[in-house]
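**Student:** give the three-dimensional model of this entry:
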Amino acid sequence: MPSIQSFPLGAYVVAASFLGDRPVFALGDGKVALVDGAAAETLGVHTGGLLAAARTEARDQLITTGDDGRVVSIDASGTLKEIAARPKKWIDQIATGPGGVLAFAGGREAIVVFPDGKEKQFAHERTVAGLAFAPKGVRLAVARYNGVSLWWVGTDAKPTEFEWKGSHIAVTWAPDGRHVVTAMQENALHGWRVSDGGGNMRMSGYPGKVKSMSWSIKGRFLATSGAEMAVLWPFHFKDGPMGKQPLQLGLSAQSVVTQVACHPTEDVVAIGYKDGSIIAARFADGDEARLRKAEGGPVSALGWDATGIRLAFGTEDGTAGLIDLAG
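**Tutor:** Residues are numbered from 1 along each chain as shown. The predicted structure is shown next:
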């Protein structure tokens with residue numbers, strides 16, 4: 001049976017992850033908690049609220065942003081380093097890419113920070129609402145009103161503009177680089193086939209907004225929140241999910257899905273719900289394993305370790321925890 005540890009951290013959990021083997025939680029009150037055994041060490045990182053967090057692809061740092069206008073990295077030892085600062089700006093978007101590249105945004109400007117510390121700015125007519133790097137890190141997708149802009153970060157070329165009317169509030173890039181998908185304000189996803197110059201893909205029918213998206217191993221499925229079950233769209237066909245039925249896993253009669261996190265090595269997805277419960281569901285047959293009972297606030301963050309043996313979670317009411325599948 002899985003074992004579970006809980007840590008009452010007292011603030012909304014923005015992100016739950018691992019730096020190497022060490023669990024880490026980013027908190028909405030500006031702090032970051034690092035877990036060592038049965039104890040959590042809490043460090044002050046931002047003077048105001050912590051707005052966004054993302055782990056580096058090397059799994060060695062957590063990058064956080066806040067309403068103090070700072071972008072900060074923290075490693076497994078608790079060492080903090082300021083990467084960038086924009087005084088009096090709310091930095092509410094962050095994305096990391098391969099080789100140490102990262103991007104952040106507040107307002108209408110997206111900034112890429114290269115591994116050598118150099119910065120490059122990309123201006124937009126409307127507010128930047130989401131960031132995602134292509135798999136090789138050479139392109140950056142920026143979600144905005146009425147679509148998404150794809151920039152070549154190492155050149156001065158104009159962006160490729162993919163248009164679709166409406167407010168696009170988050171973006172993700174498929175692991176194979178062939179598709180870009182946004183979550184929209186109107187309870188739907190929209191995608192474009194980058195490989196053929198922007199063929200549109202419409203994924204609708206959600207009763208709520210999609211606030212969590214996670215690609216399965218090898219990018220065959222995109223798991224999403226926003227319904228009474230996790231909805232997984234198939235992307236391993238030539239036309240992506242168009243004309244195909246999504247997998248629907250973890251149907252709940254009492255709650256709705258708030259977070260999804262695909263397993264790093266298996267076709268399994270962890271699903272967190274509004275009632276605080278968490279399950280793991282298998283793609284092949286829909287078999288479910290309950291990992292946490294319904295309690296406390298909605299699940300706000302999920303993250304697997306590299307082995308897929310431990311799952312970190314956080315809730316809106318400030319509970320963080322670890323689920324160890326090995327018991």
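**Student:** could you use CA atoms for every contact and neighbour count after this?
**Tutor:** Fine.
**Student:** need the distance between the two termini of stretch 85-92.
**Tutor:** For stretch 85-92, the separation between the terminal residues is 13 Å (C-alpha to C-alpha, to the nearest Å).
**Student:** same check on stretch 3-13?
**Tutor:** 21 Å.
**Student:** list the buried residues for stretch 28-42?
**Tutor:** Using 16 or more other C-alpha atoms under 10 Å as the burial criterion, the residues of stretch 28-42 that qualify are 28-35, 40, 42.
**Student:** export the residues you listed to CSV and tack on secondary structure?
**Tutor:** As requested, those are arranged in CSV below (DSSP: H, G, I helix; E, B strand; the rest coil):
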residue, secondary structure
G28, coil
D29, coil
G30, coil
K31, strand
V32, strand
A33, strand
L34, strand
V35, strand
A40, strand
T42, strand
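**Student:** next helix or strand past the lowest-mean-pLDDT helix or strand in the chain?
**Tutor:** The element with the least model confidence among the helices and strands of the chain, by mean pLDDT, DSSP states H and E, is strand 199-203, at a mean of 92. Downstream of strand 199-203, the first helix or strand assigned by DSSP states H and E is strand 213-215.
**Student:** could I get the buried residues of stretch 28-42 as TSV with pLDDT and distance to G66?
**Tutor:** As requested, the buried residues of stretch 28-42 are exported to TSV (pLDDT from 0 to 100; distance: C-alpha to C-alpha, whole Å):
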residue	pLDDT	distance to G66
G28	98	9
D29	98	10
G30	98	7
K31	98	10
V32	98	12
A33	98	16
L34	98	18
V35	97	22
A40	94	21
T42	97	17
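**Student:** ok, these vs E163, which is closest?
**Tutor:** Among the buried residues of stretch 28-42, G28 lies closest to E163 (C-alpha to C-alpha), at 32.8 Å.
**Student:** my guess is the closest one meets L51, correct?
**Tutor:** Yes. Counting by C-alpha atoms under 8 Å, G28 touches L51, with 6.5 Å between them.
**Student:** give me the common contacts of these two.
**Tutor:** Listed contacts common to G28 and L51 are V14; contacts here mean C-alpha atoms under 8 Å, 6 or more residues apart in numbering.
**Student:** if we can go back for a sec, would you mark the buried spots in the least confident helix or strand of the chain?
**Tutor:** Under the neighbour-count criterion of 16+ other C-alpha under 10 Å, strand 199-203 has 200-201, 203 buried.
**Student:** can you check stretch 88-99 too?
**Tutor:** Per 16+ other C-alpha under 10 Å, stretch 88-99 contains these buried residues: 90-98.
**Student:** what two of those residues are the furthest from one another?
**Tutor:** Farthest pair in the buried residues of stretch 88-99 (C-alpha to C-alpha) is W90 and P98. Separation: 25.1 Å.
**Student:** who are the contact partners of V138?
**Tutor:** Applying C-alpha under 8 Å, 6+ apart, one finds that V138 lies in contact with 152-154.
**Student:** ditto for L322
**Tutor:** Taking C-alpha under 8 Å, 6+ apart as the criterion, L322 is in contact with 4-6, 23, 310-313.
**Student:** now it, nearest residue through space, not along the chain?
**Tutor:** The shortest distance from L322 to any residue other than its chain neighbours is 4.6 Å, reached at A312 (C-alpha to C-alpha, 6 or more residues apart in numbering).
**Student:** neighbouring strands - and their directions - for the strand or helix carrying the one you found?
**Tutor:** In this assignment (DSSP H and E), A312 forms part of strand 310-315. For strand 310-315, sheet partners with direction are given as strand 299-304 (antiparallel), strand 319-324 (antiparallel), following DSSP bridges.
**Student:** okay, buried residues for the last one please.
**Tutor:** Translated: strand 319-324. Within strand 319-324, the residues that qualify as buried are 319-324, counting by 16+ other C-alpha under 10 Å.
**Student:** okay, now M213: neighbour count?
**Tutor:** Other residues lying near M213 total 24 when counted by other C-alpha atoms under 10 Å.
**Student:** how about the residue nearest to it when sequence neighbours are not counted, what does it touch?
**Tutor:** In space, not counting the residues next to it along the chain, M213 is nearest to T224; the distance is 4.6 Å by C-alpha to C-alpha, 6+ apart. Under the criterion of C-alpha under 8 Å, 6+ apart, the contact list for T224 reads 210-214, 230-232, 259-260.
**Student:** now R178: how far from S167?
**Tutor:** Applying C-alpha to C-alpha, the value for R178 to S167 is 22 Å.
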